[in-house]
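> Whatever this is, show me its structure:
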Amino acid sequence: MKKIDLNTLTLSAFISMTMIAHPVMAQVDLGDTSGDGDTSWSGYLVDGLTGILDGLVTIGAVVLGIGLCAWGIVGAINGKLDPMQALTRVVGGVVAVAAPFIGPALLNFINS
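Sure thing, here's the model as predicted:
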């Protein structure tokens, strides 16, 4: 298996964020050489991401909830419920549901 270099990962993330943000910046009037135009370009990106993420998080929360219930039922039938495994799954579910909102929150922080 090939190791991923940190520089390659950083460069790939930067290029993908630039590709995502470029169409949004093209729709905003940044002004002429004075730069007195509309500088709230990240607001459009945040609104778009929030709309997409609301649906994805709702679907993800339902899938995680059903998965945790199924895991609990199977564990109860087998008589092998491990509390550490349950805690790991619950924390993983919380992170999976909360993580998509970090990007728009950071963009709002940059915009303010």
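
> What is the burial count for Leu45?
20 (other C-beta atoms under 10 Å). All C-beta atoms are positioned from the backbone trio N, CA, C, and that covers glycine.

> just how off-centre is the strand or helix carrying it within its chain?
Taking DSSP states H and E as the criterion, the element that holds Leu45 is helix 41-78. The chain centre lies 11 Å from the centre of helix 41-78; the measure is C-alpha atoms, centre = their mean, to the nearest Å.

> tell me the contacts of the spatially most central residue of the chain?
Nearest to the mean C-alpha position of the chain, by C-alpha atoms, centre = their mean, lies Pro100 at 2.4 Å. Contact analysis of Pro100 by C-beta atoms under 8 Å, 6 or more residues apart in numbering lists 53, 56-57.

> Can you tell me which of these are buried?
Listed as buried from these are 53, 57; burial here means 16 or more other C-beta atoms under 10 Å.

> The helix holding Leu45 packs against which elements?
With contacts taken as 3 or more C-beta pairs under 8 Å, 6 or more residues apart in numbering; DSSP states H and E, helix 41-78 sits against helix 6-26, helix 83-98, helix 102-111.
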